[in-house]
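**Student:** Sequence first, predicted coordinates after that:
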Amino acid sequence: MLDRCTATRLTTRPTATVLPRALPELDALERLLAQHAQHLHVQQVCHVALPQAPAFPVYAIGMGSTDPSAPAAGFFGGVHGLERIGAQVVIAFLQSVLHRLPWDSTLQHLLERVRLVFMPIVNPGGMWAATRANPRGIDLMRNAPVDARDRVPFLVGGQRLSSGLPWYRGRLGDPMEAESQALCSVVQTELLGRPFSLALDCHSGFGVTDRLWFPYAHTREPMAHLAEVHALQHIFLQAHSQHPYVIEPQSAQYLAHGDLWDHLYLQACQQSGTVFLPLTLEMGSWLWIKKNPQQLFSRNGIFNPLITHRHQRVLRRHLGLLDFLTRAAASHSQWLPLGEARQHHHRHALDAWY
C-alpha cells in the first residue's frame, strides 16, 4: 500500500469554525466504492488538509486482473480543481463499469485480462475551493521536475513568480506536491513496468473542440512511441469514424514546464520492453460558453457545462472513448505495430503531426 501524505497550507490562519465537507463528486465516489467494495481494491494514497474543512482523501481504485504482466489502463481526473467535469467523466465511466459487471459476461472476461486504475479526484482541495491549483496555490500540472526546452507562453507555460498568479510551479528545488506525488506513485506502481499500459487524464477549458493530446509538452520533438500512438489512432478511427476529437501532440498548441505526464513518460522510456502511452482529454469548454454566454459570469461556467441536459450529454459523449481505451489496452498485442508496420506508422505520424 502506498504511503499516506498530507498537503497543508504554509501560512497560519486564525482558528475558525470548521465548515462541513461539501464536495458532491467525492461523496458520490465514496457511495459508489462502498456499494461495490467486493470488486475493488481501494487505497487512500493521500490526505489533503485545509484550515476550514475536514481533510479530503485522495483515492486510487484498482479492479480487474491482478497479474503484474497484464496490460493496464488508468483514468485520472480532477487534477485542476476548477475542471470538475473531468472528475465527473471518470466517475461516470467507473459507475458504468461497476453497474454492468454483475450481468455483462463480455466485460467480466475482459477484466480477467486487463487491469483498470482510477484516480477520479486528484485535487480535492482545489475542487472544494473552486481553484485550478491545489490549496497551496500550486498548479499540479506544472509541478513535475521537467523544464521546457524551448520558450513557453508567459504564465500559461508555468511560472515561479508567485502562488498568487495562476500556473504556479512551486519554488525551485522543492519536492513535488503531495497530490502530484500520489498520482506519480500510483502510475509507477500500477502502470509502469507492464508490457503495455496507457493513461487518460481528463481536463477541460481549451478551445471549442475536444482534443486528445499525447506527449510532449516540454519539447516539440516527437516522442519515442509516436508509431504506437498513430496505430492507436488508426484503430480508433476504424471503430469511431464520426468521433469529435482532434488528436495531436500537446506541443502543437503550446509548450509548458512541469508536465506530470512528460515526467512519467520519460521514466517509462528508461524501462526496456514496455510501452506506456499517456493521453490527455482536453474538453473544449468554449463551445459550452458559446451556447450559453451567461457561463462567462461564473468561475465554474468557464470550465464546465452548467445546463443540465448539456452536462448529461458531455458525460455520455466520452464514455465510448474510455471504453475503447480499456479494450485497446486489453488487446494491445493485436494492433501494436512491429517491424515494417511500425516504420510505416512512424512515417505517417511525422507527416500528419510534425
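**Tutor:** Perfect, thanks for sending it.

**Student:** Tell me where the model's unsure across the protein.
**Tutor:** Residues of the chain meeting the criterion pLDDT under 70: 1-21.

**Student:** where along it do the helices fall?
**Tutor:** Taking DSSP state H as the test, the helices found in the chain are 24-35, 84-100, 105-111, 124-129, 178-190, 226-239, 260-268, 286-291, 308-330, 339-353.

**Student:** Identify each buried residue in the second one, please.
**Tutor:** In this case it means helix 84-100. The neighbour-count check on helix 84-100 (16 or more other Cβ atoms under 10 Å) flags 84-95, 97-98 as buried. For every residue, glycine as well, the C-beta is placed using N, CA and C.

**Student:** Which elements pack onto it?
**Tutor:** helix 24-35, strand 72-77, strand 115-119, strand 196-204, strand 275-283, helix 308-330 (3 or more Cβ pairs under 8 Å, 6 or more residues apart in numbering; DSSP states H and E).

**Student:** Check the last one too.
**Tutor:** Helix 339-353 sits against helix 226-239, with contacts defined as 3+ Cβ pairs under 8 Å, 6+ apart.

**Student:** Look up how far Asp259 lies from the spatially most central residue of the chain.
**Tutor:** The chain has Asp201 as the residue nearest its centroid, 1.7 Å off, counting by Cα atoms, centre = their mean. Plainly put, Asp201 is 10 Å away from Asp259 if you go by Cβ to Cβ, to the nearest Å.

**Student:** again with His345
**Tutor:** According to Cβ to Cβ, His345 stands 24 Å off from Asp259.

**Student:** Between those two, which has more neighbouring residues?
**Tutor:** More crowded of His345 and Asp259, by other Cβ atoms under 10 Å: Asp259, with 26 against 21.

**Student:** And for the more buried one, nearest residue in space, chain neighbours not counted?
**Tutor:** Take Asp259 and drop its neighbours on the chain: the residue closest to it by Cβ to Cβ, 6 or more residues apart in numbering is Ala217, 3.8 Å away.

**Student:** So what's the residue count around the one you found?
**Tutor:** Number of residues near Ala217 (other Cβ under 10 Å) recorded here: 30.

**Student:** I'd say it and Leu260 touch.
**Tutor:** No. Counting by Cβ atoms under 8 Å, Leu260 is not a contact partner of Ala217; they are 9.4 Å apart.

**Student:** ok, now how distant is Ala60 from Arg342?
**Tutor:** Taking Cβ to Cβ, one finds Ala60 at 33 Å from Arg342.

**Student:** which residues sit against stretch 343-353?
**Tutor:** Contact partners of stretch 343-353, identified using Cβ atoms under 8 Å, 6 or more residues apart in numbering, comprise 222, 226-231, 234, 248-249, 252, 337.

**Student:** from those, which single one is nearest Pro175?
**Tutor:** Pro249 (28.5 Å; Cβ to Cβ).

**Student:** how about the closest one, what does it touch?
**Tutor:** 213-216, 220, 222-223, 353-354.

**Student:** One more pass at 10 Å, please.
**Tutor:** Taking Cβ atoms under 10 Å, 6 or more residues apart in numbering, we find Pro249 in contact with 213-217, 219-223, 226, 229, 349, 353-354.
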